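A.B. asks: Please work out how this folds:
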Amino acid sequence: MAAGSPGSPVIKWCSYCQHFIEEVEPFEDFTLTHGVCAECAPRVSDFTLAERTAAHEFRLFFSALHRTAVHGSRIEASHLLEESQRLGIRPMDLMMGLLQPLLREIGRLWARGEITVATEHRFTALATDLVAHFRAALPAPAQGQPELALFTAEGNYHTLGLQMAEAHCAAIGLPALIVVPGLPTGEVLDLLRRHRPQVVGFSVAMPEQMAQVRAVAEALEHLPPLRLPIQVGGPAVRLGLELSPDPRIQLCHDFRTLSAS
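C.D. replies: Next up is the predicted model:
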């Protein structure tokens, strides 16, 4: 795939095991690069020629999916799963390192009027089917006091991001309270009082939905045991949401970082 901003790769995969490593800024640029993951780094010199050149086939797969999605062509979930399995791509890597950034790219192109609503809906439906498939194969959610509480803000009906977050938390055994669709502010606060998570996050689709986030932040100021860090992600963040200075609220580009907050 052609590079975006020179020297600014976005989606990093391991050249050897083809596992997703991380995303880095700029998040609005859809660019693939390869590196070495922590597991493979100690034995790089032992890899075979086939393992050293596997990244090329993966790049072709990655680029073909990107072109197909942007052009609005139909993609069969079964074919995508079969091809990813053939290449040795783990389900969670496919979700986090391919579906998630490509959803961002599709949303950005739609917002700029470069693709149709039908194209956006078609790929979102594919991603929803795949996430449901991944979630069904994962263990039940971890029990115990949730470390995270994630909500869609009132009025935000884009729930796919939090479905991905739920699958990720289940995969790593992280106790989490994930609520979709959005709730009134009073009910959000009741859940926070009851479960007392370490971090609370909101998925926001439109800037005006930040009103609820600010209301929750203000209410938590008057509940000393619940002075939680608040993270904001979602479609609005992907499209460049800017926050007024507020030490209580921070932007989150990758929900995998929430557990470390």
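
A.B. asks: dump the residue contacts of residue 186.
C.D. replies: Taking Cβ atoms under 8 Å, 6 or more residues apart in numbering, we find residue 186 in contact with no residue. (Glycine included, C-beta is placed from N, CA and C.)

A.B. asks: low pLDDT regions in the stretch 101-250 of the chain?
C.D. replies: Within the stretch 101-250 of the chain, the ranges that satisfy pLDDT under 70 run 224-227, 239.

A.B. asks: Going along the chain, name the helices of it.
C.D. replies: Under the criterion DSSP state H, counting those that start in this stretch, the stretch 101-250 of the chain carries helices at the ranges 117-136, 160-172, 185-195, 210-221, 235-238.

A.B. asks: Adding distance to residue 203, write those out as CSV.
C.D. replies: As requested, those are arranged in CSV below (distance: least, Cβ to Cβ, whole Å):
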stretch, distance to residue 203
helix 117-136, 14
helix 160-172, 5
helix 185-195, 13
helix 210-221, 10
helix 235-238, 8
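
A.B. asks: among the ones you listed, which is nearest residue 11?
C.D. replies: Ranking these by distance to residue 11, with Cβ to Cβ as the measure, places helix 235-238 first at 14.2 Å.

A.B. asks: now that closest one, how far from the chain's geometric center?
C.D. replies: What separates the centre of helix 235-238 from the centre of its chain is 11 Å, taken as Cα atoms, centre = their mean, to the nearest Å.

A.B. asks: That one packs against which elements?
C.D. replies: Using 3 or more Cβ pairs under 8 Å, 6 or more residues apart in numbering; DSSP states H and E, the elements in contact with helix 235-238 are helix 100-111.

A.B. asks: With just CA atoms, put the helix it packs on into CSV.
C.D. replies: Output for helix 100-111, consisting of C-alpha atoms alone and laid out as CSV, is shown next (Å, rounded to 0.1, in the frame of the first residue of the first chain):
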residue,chain,number,x,y,z
GLN,A,100,-11.0,-0.7,13.2
PRO,A,101,-8.7,1.5,11.2
LEU,A,102,-10.5,0.8,8.0
LEU,A,103,-13.8,1.8,9.6
ARG,A,104,-12.1,5.1,10.5
GLU,A,105,-11.0,5.5,6.9
ILE,A,106,-14.5,4.8,5.6
GLY,A,107,-16.0,7.2,8.0
ARG,A,108,-13.6,10.0,7.1
LEU,A,109,-14.2,9.5,3.4
TRP,A,110,-18.0,9.6,3.9
ALA,A,111,-17.7,12.8,6.0
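
A.B. asks: quick one: it to helix 117-136, angle?
C.D. replies: Angle of helix 100-111 versus helix 117-136, following axes from the mean of the first three to the mean of the last three Cα atoms, to 10 degrees, is 160 degrees.

A.B. asks: follow-up on the earlier one: closest to residue 40 out of the helices of the stretch 101-250 of the chain?
C.D. replies: Using Cβ to Cβ as the measure, helix 160-172 is the one of the helices of the stretch 101-250 of the chain that comes nearest residue 40, at 19.9 Å.

A.B. asks: and that closest one, which residues are buried?
C.D. replies: With burial defined by 16 or more other Cβ atoms under 10 Å, the residues of helix 160-172 counted as buried are 160, 161, 162, 163, 164, 165, 166, 167, 168, 169, 170, 171.
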